[in-house]
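Coordinates for the following, if possible.
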Amino acid sequence: MNFEKLIKNLSAVVAAGVVFFLALGMYLSFKGFVFYPDGRIELISAANAAQKNLQNGKIAPNLLIPWGPQLGSNQAKITLYEFSSYGCYHCAEFQLKTLPVIKKKYIDTGILRIVFSDFPLDKNSMQASLLAHCFSGNKFFEFSDLLFAEQKKWGLSKKPYETFLKYAQSFGLSKEKAQACMQDKEVAEEILERRQFAIANLGISGTPSFVISSVKGREVIYGAPDINALEELIQKYLPVAKN
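This is a model prediction of the structure:
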């Protein structure tokens, strides 16, 4: 191969790479992410909803909210949609401290069910989401608890990808399966679609955020309510028992 032909081939490869990254950047931007030259992927308007003074509000009763992993009975009287990022500190606080109390009192008794919806805020959180979806049922929530409990460790790690693989293997998943899950384009698109839905239809721009829903109505909650506030919401939307 002569030098001129080599240069042309290299130019074609570079051009293809540029087109790919431009296309990726446009796609992620549309989904609410910005793509940086150094490979970082971040939320355009990065913020934690728990620190925003946003007013909770009613939403349309006929709005079909995308489903996700569920904790609780299908016959539960109230549904709580949780929009969460594995890298979000307040999300971890809710998951590890508030949810166990609520689970014992309301989920295990059939009053409430939780529907988890990923709202990744950065590349590492996105990888964590993809890996969590390797699991189903209670295993999904158990693995989520691990990711939240170890948040600081993988969040500050120079090699979070390798750390995620170790977590997966500790849950009985092979390295090859875990890698495949973190590269699953179809699941990634589903996560981003649900995230975009929350931005466009619910006004959610950060985590944690919630939607509480029952026959009595629906309400979006920006930020993580404490146990007392959440119990008040549950009582507010609990249908009146028929005699």
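
can we go C-alpha only for contacts and neighbour counts from here?
Fine.

For residue 186, the count of nearby residues, please.
9 (other CA atoms under 10 Å).

after the helix or strand where it lies comes which helix or strand?
Using DSSP states H and E, residue 186 maps to helix 185-202. Using DSSP H and E, the helix or strand that follows helix 185-202 towards the C-terminus is strand 209-214.

Partner strands of that next one and their direction?
Under the criterion DSSP bridges, strand 209-214 sits next to strand 78-84 (antiparallel), strand 217-222 (antiparallel) in its sheet.

could I get those strands as JSON lines with mean pLDDT and mean neighbour count?
Converted to JSON lines, the strands paired with strand 209-214 look like this (pLDDT from 0 to 100; neighbours: other CA atoms under 10 Å):
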{"stretch": "strand 78-84", "mean pLDDT": "97", "mean neighbour count": "24"}
{"stretch": "strand 217-222", "mean pLDDT": "92", "mean neighbour count": "22"}
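
wait, which of these is closest to residue 170?
The closest of the strands paired with strand 209-214 to residue 170 is strand 78-84. By CA to CA, the value is 23.3 Å.

what ranges do the strands span in this structure?
33-35, 41-43, 57-58, 70-71, 78-84, 112-118, 209-214, 217-222 (DSSP state E).

how about TSV for those strands, with distance to residue 130 added?
Listed next are the strands of the chain as TSV, based on distance: least, CA to CA, whole Å:
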stretch	distance to residue 130
strand 33-35	16
strand 41-43	15
strand 57-58	30
strand 70-71	16
strand 78-84	13
strand 112-118	9
strand 209-214	20
strand 217-222	24
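
Let me know which of those strands is the nearest to residue 186.
strand 112-118 (14.4 Å).

Return the list of helices and strands in contact with that closest one.
When contacts are defined as 3 or more CA pairs under 8 Å, 6 or more residues apart in numbering; DSSP states H and E, strand 112-118 packs onto strand 70-71, strand 78-84, helix 185-202.

Reformat the strands paired with strand 209-214 as JSON lines; add distance to residue 101.
Supplementary listing: the strands paired with strand 209-214 in JSON lines, determined by distance: least, CA to CA, whole Å:
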{"stretch": "strand 78-84", "distance to residue 101": "15"}
{"stretch": "strand 217-222", "distance to residue 101": "19"}
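
partners of residue 113 in the sheet?
Under DSSP bridges, the beta-bridge partners of residue 113 are residue 79.

got a list of what it touches?
Residues near residue 113 by CA atoms under 8 Å, 6 or more residues apart in numbering: 70-74, 76, 78-80, 107.

quick revisit: any idea which of the helices and strands packed on strand 112-118 is most buried?
By mean neighbour count, with neighbours taken as mean count of other CA atoms under 10 Å, strand 78-84 ranks first of the helices and strands packed on strand 112-118 at a mean of 24.

orientation of it relative to helix 185-202 in degrees?
Calculated by axes from the mean of the first three to the mean of the last three CA atoms, to 10 degrees, strand 78-84 forms an angle of 110 degrees with helix 185-202.

Which residues outside strand 78-84 are in contact with it?
91, 111-120, 207-214, 234, 237-238.

May I have it exported as PDB, CA atoms only?
Taking C-alpha atoms only, strand 78-84 is exported to PDB below (Å, rounded to 0.1, in the frame of the first residue of the first chain):
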ATOM      1  CA  ILE A  78     -51.600   3.400  45.400                       C
ATOM      2  CA  THR A  79     -48.700   3.400  43.000                       C
ATOM      3  CA  LEU A  80     -45.600   5.500  43.600                       C
ATOM      4  CA  TYR A  81     -43.400   6.000  40.500                       C
ATOM      5  CA  GLU A  82     -39.800   6.700  41.600                       C
ATOM      6  CA  PHE A  83     -37.500   8.500  39.200                       C
ATOM      7  CA  SER A  84     -34.000   7.900  40.500                       C
END
